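Engineer: My questions are about this predicted structure, shown below with the sequence.
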Amino acid sequence: MSAGSENFPPDGSHWSEREVNVGAFKDARLGNRFVELLRCLSDRMGGTIPLACQDWASTKAAYRFFSNPRVEEGDILSGHFDATRTRYSATGGTVLLLQDTTEFTYQRRNPHDVGFTKSVNSGRDSKGRLRHHAVCGILMHSSLAVTTEGLPLGLAAVKFWNRDKFKGTAQLKRKINPTRVPIETKESIRWLDNLRQSLALLGQPERCVHVGDRESDIYELYCLARELGTHFVVRTVVDRLAGNGGHTVKSEMAAAESAGTHVIELRGDDDAIERITLDIRYKRIHVRPPIGKQKRYP
């Protein structure tokens, strides 16, 4: 295969044509413009919009597309979701759905027009007091479908949002137990929303394994996965009650027999390579909901 030939199949079409549903746009010309934009931006990945578009007329058309109030998020994603479902249906076996959040930051004269992602420490002022400033940007939580061989199939779910104000987490925890706040009122609901949206798009929930980091250690996520007949792998952050409630997951797993070891190599801060031996254990156990939610969840 020659360089770049993956972008041009035997029929001469560009891959972007298969990722856009022109009919989803309110005007077919907008859909065709988006196909052209995808082609230009992908052919010059990482370049500026003027560099990707090459001439002033195309650059001006690109900026008009981005600022057009008739172009919506669903229009842009519709074709890609359809293509993801087609590729998913063409594969067999287990598919991993990798969930995570990406932060896009911007510098704008009027940051409130975009929104904010977080508040960061700006150092100390002349009197030694800590200063903070809000970072301008948007957040994207997505579910990427990947085969167990590592072949990406595309996005199966995505959610965009920003924040207009910030509340100190530590300060809030002094006033209220976060586990007693309904999941529907927290940003954590995005993990459940993506699980539902992915399965609604792909179907065959028994084939899917939803993979998440410590943020996805949410009891409601476990219950939803069980309800929908799908699977999950998460990195836990909470040592939950297990069994009859008189002990925790950690203590029960400590008593499980070792199934073997696995050696990995880690690079330290001084670039030295250290070999780490992992002790692999597994066991089917019952995990109990947080005390404040035991009347609501099984």
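Structural biologist: The structure has been received and is ready for your questions. Residues are numbered from 1 along each chain as shown.

Engineer: Quick one: the strands in the stretch 51-200 of the chain, in order.
Structural biologist: 95-105, 116-124, 130-147, 152-161 (DSSP state E, counting those that start in this stretch).

Engineer: buried residues in the shortest one?
Structural biologist: With burial defined by 16 or more other Cβ atoms under 10 Å, the residues of strand 116-124 counted as buried are 116, 117. Yep, even glycine has a C-beta here, placed from its N, CA and C like the rest.

Engineer: Then the last one?
Structural biologist: Of the residues in strand 152-161, 153, 154, 155, 156, 157, 158, 159 count as buried by neighbour count, 16+ other Cβ under 10 Å.

Engineer: Pick the one among those closest to residue 193.
Structural biologist: residue 159 (6.2 Å; Cβ to Cβ).

Engineer: Local confidence estimate at residue 166?
Structural biologist: On pLDDT, residue 166 comes in at 57.

Engineer: Would you mind giving the buried residues of strand 152-161 as a markdown table with distance to residue 253 added?
Structural biologist: Shown next, in a markdown table, are the buried residues of strand 152-161 (distance: Cβ to Cβ, whole Å):
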| residue | distance to residue 253 |
| --- | --- |
| 153 | 33 |
| 154 | 35 |
| 155 | 34 |
| 156 | 31 |
| 157 | 31 |
| 158 | 34 |
| 159 | 33 |
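
Engineer: right, so of the strands of the stretch 51-200 of the chain, which gets closest to residue 77?
Structural biologist: Once these are compared by Cβ to Cβ, strand 152-161 is nearest, at 6.5 Å.

Engineer: which helices and strands does that closest one pack with?
Structural biologist: Applying 3 or more Cβ pairs under 8 Å, 6 or more residues apart in numbering; DSSP states H and E, one finds that strand 152-161 makes contact with helix 73-90, strand 95-105, strand 130-147, helix 189-202.

Engineer: again, only using 6 Å
Structural biologist: helix 73-90, strand 130-147, helix 189-202 (3 or more Cβ pairs under 6 Å, 6 or more residues apart in numbering; DSSP states H and E).

Engineer: any idea which of the ones you listed scores lowest on pLDDT?
Structural biologist: Looking at the helices and strands packed on strand 152-161, the bottom one is strand 130-147 with a mean of 88.

Engineer: who does that one pair up with?
Structural biologist: strand 95-105 (antiparallel), strand 116-124 (antiparallel), strand 152-161 (antiparallel) (DSSP bridges).

Engineer: out of the ones you listed, which comes closest to residue 243?
Structural biologist: strand 95-105 (28.4 Å).

Engineer: still on that earlier bit, mind putting the strands paired with strand 130-147 into a markdown table with mean pLDDT and distance to residue 231?
Structural biologist: Formatted as a markdown table, the strands paired with strand 130-147 follow (pLDDT from 0 to 100; distance: least, Cβ to Cβ, whole Å):
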| stretch | mean pLDDT | distance to residue 231 |
| --- | --- | --- |
| strand 95-105 | 94 | 10 |
| strand 116-124 | 78 | 31 |
| strand 152-161 | 94 | 15 |
